[in-house]
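In: sequence first, predicted model second:
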Protein chains: 2
Amino acid sequence: MRTAEPAPESDLTARARLRNSAIEVFAARGFGASVRDIAAHAGVSAGLITHHFGSKANLRTECDTEVVRLYRVLKSDGIARPPAQSMWMIAELDDYAAMFVYILRSVREGGPAGKQILEHLIEEAIAFSEEGVASGVVRSSRDPAARARYLVTSSLGGIILQLSLQPQLELAEVGPTVRRIVDEITLPTLELYTEGVIADRRFLDEYLRYANHASTTESETTP
Amino acid sequence: MRTAEPAPESDLTARARLRNSAIEVFAARGFGASVRDIAAHAGVSAGLITHHFGSKANLRTECDTEVVRLYRVLKSDGIARPPAQSMWMIAELDDYAAMFVYILRSVREGGPAGKQILEHLIEEAIAFSEEGVASGVVRSSRDPAARARYLVTSSLGGIILQLSLQPQLELAEVGPTVRRIVDEITLPTLELYTEGVIADRRFLDEYLRYANHASTTESETTP
DNA sequence: ACGTGCGTTATACACCTGTATAGTCTCTTG
DNA sequence: CAAGAGACTATACAGGTGTATAACGCACGT
């Protein structure tokens, strides 16, 4: 449950302990958690938090930046992997469960930390896709950026949605739960990604013909 | 903005007007909206709401059942279409924007209405997929139920995620916004569904060999 | 005509929220 | 030793929350 892994020495202060505790509470109980909840979980009084951080909003943004920093560290440590896969690996590291859930929560409600990490994942996916196309394992797309954004938002959104179905997940259960969900979607994902679902090419072809026609006549219809 | 479409005559009471107003406020401001907010939007006092519904939780569940009922009516009216597509069509009907956003919000936070509708979408997807396989437009899956669940949660979760990125969307803008998102994902979706993304079959084949092996030795490893 | 019921409001209560204030303890440093 | 700084607490305040209570007005049926 401790999250005191790779932090600058100067950050091991009581302030930092409070921040980490807040991250755990935000992850476990959501961002609506009260200052007093956070204080109680850290074993301190409520006033101490406002004394250190000024306001709850300020504490929240400090948690955001810390979580993003942790995420970056974890990513740069890991080997280059498919963007999504490395996310799910993080969920299995018990020490980072709080960070993981915090990020998911932030993504789900469009928070700044979530937005930032999502965009990062998308850029990663674009780069990964380009490498894949070059080496021949990934098919090329007519709009690689749109495809990357679509793939990332779909898989991440899908996992978040399935996690939301679990009423309230204990911080200790998040690892096994994510593992279970990933197991369940692996087969459909691989099927879809290598074979598709639609057997008839005409749907795509007709759309392409329509889209081409629309884009060439666009300048005329909307002057 | 009115939502007084197909309702039993006995339901046109003041009580129902309050409920519909509550649905709009919940959709616009989230489920954290206060009773006084709802009352103000309906042009009545706060006490009237608790007088009619007893408690806020009770009001919420009545909104849930009404929204699910509306959804069912809308679905049975519509022609048989791909499950997802009919959802996005609903978003374009201005009169149902509140219902639509309410459902999305409920799905996003794992609420009962959202859960119910999600499961309904999945069952629809299974049936639709079976028809598609029979007529030859849809490829068969090694686990049709898992694929249906995966496809529904991914596409719905993806849309919800992209909608969450919009800071706070006015109820009047939800139609155009959903339209824009759907436009952006149409090409990647069609590409993925008809051509896939992975050019190399080995990933799928290796997984299948691994999965088969695991399932046949399962009874021995876990006695 | 009258009271009975229903829609409706106003007011109050208890609780929880974030935050400001003042004070206490402890430890370091001159 | 004195002093001061920083960690920490206790208490209080103002505002918002859900909800209970009492009262008001109006229509309607007998």
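Out: Alright, I've got the coordinates.

In: and A:L208, how many neighbours?
Out: A:L208 is surrounded by 14 other residues when neighbours are defined as other C-beta atoms under 10 Å in any protein chain shown. No exception for glycine: its C-beta is placed from N, CA and C like everyone else's.

In: next: A:A28.
Out: Other residues near A:A28 number 20, with proximity taken as other C-beta under 10 Å.

In: helix, strand, or coil at the closest residue to it other than its chain neighbours?
Out: Beyond its immediate neighbours in the sequence, the residue positioned closest to A:A28 (C-beta to C-beta, 6 or more residues apart in numbering or on different chains) is A:L171, lying 5.2 Å away. In terms of secondary structure, A:L171 is coil; the call rests on DSSP: H, G, I helix; E, B strand; the rest coil.

In: doesn't A:V101 make contact with A:L171?
Out: Yes. With contacts counted by C-beta atoms under 8 Å, A:L171 reaches A:V101, the gap being 6.8 Å.

In: overlap in contacts of those two?
Out: Listed contacts common to A:L171 and A:V101 are A:A27, A:A28; contacts here mean C-beta atoms under 8 Å, 6 or more residues apart in numbering or on different chains.

In: what is the mean pLDDT for the helix ranked longest in chain A?
Out: Across chain A, the longest stretch assigned as helix under DSSP state H is helix A:112-135. Throughout helix A:112-135, pLDDT has a mean value of 93.

In: same check on stretch A:28-47?
Out: Along stretch A:28-47, the predicted confidence averages to a pLDDT of 95.

In: rewinding a little: of A:L171 and A:V101, who's got more company?
Out: The residue with more neighbours, out of A:L171 and A:V101, is A:V101; 22 against 17, by other C-beta under 10 Å.

In: which element is that one on?
Out: In this structure, A:V101 sits in helix A:97-108 according to DSSP states H and E.

In: packing partners for that helix?
Out: Helix A:97-108 sits against helix A:14-29, helix A:56-77, helix A:83-92, helix A:112-135, helix A:144-165, helix A:174-195, helix B:144-165, with contacts defined as 3 or more C-beta pairs under 8 Å, 6 or more residues apart in numbering or on different chains; DSSP states H and E.

In: nearest to DNA strand C, out of those?
Out: Shortest distance between DNA strand C and the helices and strands packed on helix A:97-108, using C-beta to the nearest atom of the strand, is found for helix A:56-77: 3.5 Å.

In: please see if that closest one touches DNA strand C.
Out: Yes. Contact of helix A:56-77 with DNA strand C is found when judged by C-beta under 7 Å from any atom of the strand, involving A:K56, A:A57.

In: distance check, A:A146 against A:I126.
Out: With distances taken as C-beta to C-beta, to the nearest Å, A:A146 is found 10 Å from A:I126.

In: spell out which parts of chain A neighbour DNA strand D.
Out: Proximity of chain A to DNA strand D is assessed by C-beta under 7 Å from any atom of the strand, with A:13-15, A:18, A:39, A:43-48, A:51-52 identified as the residues in range.

In: which stretches of chain A aren't confidently modelled?
Out: Across chain A, the ranges flagged by pLDDT under 70 are A:1-12, A:77-86, A:217-223.

In: near DNA strand C, which residues of it?
Out: Within chain A, the positions adjacent to DNA strand C are A:S34, A:V35, A:R36, A:D37, A:A46, A:G47, A:T50, A:H51, A:G54, A:S55, A:K56, A:A57 by C-beta under 7 Å from any atom of the strand.

In: surely the third one touches A:V44?
Out: No. No contact is recorded between A:R36 and A:V44 when judged using C-beta under 8 Å, the distance being 10.5 Å.

In: okay, the two: which has more neighbours?
Out: When A:R36 and A:V44 are compared for neighbours, A:V44 comes out ahead with 17 against 12, by other C-beta under 10 Å.

In: how much space is there between the closest residue to that one other than its chain neighbours and A:E123?
Out: In this structure, A:V44 finds its nearest non-sequential neighbour in A:L18, 7.1 Å apart by C-beta to C-beta, 6+ apart. Distance check for A:L18 against A:E123: by C-beta to C-beta, it reads 33 Å.

In: and these two? Which one has more around it.
Out: Relative neighbour count places A:L18 above the other of A:L18 and A:E123, with 22 against 15, counting by other C-beta under 10 Å.

In: how many neighbours does A:A27 have?
Out: 25.

In: now do the nearest residue to it once chain neighbours are set aside against A:V35, distance only.
Out: What sits nearest to A:A27 in space, not counting adjacent residues and going by C-beta to C-beta, 6+ apart, is A:V101, at 4.0 Å. A:V101 sits 20 Å away from A:V35 when distances are taken as C-beta to C-beta.

In: next, count neighbours for A:N20.
Out: Neighbourhood size, A:N20 [other C-beta under 10 Å]: 20.

In: please read the previous query as pertaining to A:V178.
Out: Each residue near A:V178 was counted by other C-beta under 10 Å, and the total is 24.

In: which residue does chain A bring closest to chain B?
Out: When scored by C-beta to the nearest C-beta, chain A has A:G157 as its residue closest to chain B, at 3.1 Å.

In: just to check, A:V182 is in contact with A:M87?
Out: No. In this structure, A:V182 is not within contact of A:M87 by C-beta under 8 Å, at 9.9 Å.

In: more neighbours: these two, which one.
Out: For A:V182 and A:M87, the more surrounded residue by other C-beta under 10 Å is A:M87, and the numbers stand at 24 against 20.

In: can I get the CA coordinates of stretch A:118-138 in CSV?
Out: Backbone C-alpha positions of stretch A:118-138 (Å, rounded to 0.1, in the frame of the first residue of the first chain) are rendered in CSV as follows:
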residue,chain,number,x,y,z
LEU,A,118,-4.8,10.1,-22.4
GLU,A,119,-3.2,12.4,-25.0
HIS,A,120,0.2,10.8,-24.1
LEU,A,121,-1.2,7.4,-24.7
ILE,A,122,-2.6,8.5,-28.1
GLU,A,123,0.8,9.9,-29.2
GLU,A,124,2.4,6.7,-28.1
ALA,A,125,-0.1,4.7,-30.1
ILE,A,126,0.6,6.8,-33.2
ALA,A,127,4.4,6.2,-32.9
PHE,A,128,3.9,2.5,-32.2
SER,A,129,1.6,2.1,-35.1
GLU,A,130,4.1,3.7,-37.5
GLU,A,131,6.8,1.3,-36.3
GLY,A,132,4.4,-1.5,-36.8
VAL,A,133,3.4,-0.5,-40.3
ALA,A,134,7.1,-0.2,-41.2
SER,A,135,7.9,-3.6,-39.9
GLY,A,136,4.8,-5.1,-41.5
VAL,A,137,2.9,-6.4,-38.4
VAL,A,138,0.4,-3.5,-38.5
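
In: so which bits of it are buried?
Out: Neighbour-count burial for stretch A:118-138, counted by 16 or more other C-beta atoms under 10 Å in any protein chain shown, picks out A:L118, A:H120, A:L121, A:I122, A:E124, A:A125, A:I126, A:F128, A:S129, A:G132, A:V133, A:V138.
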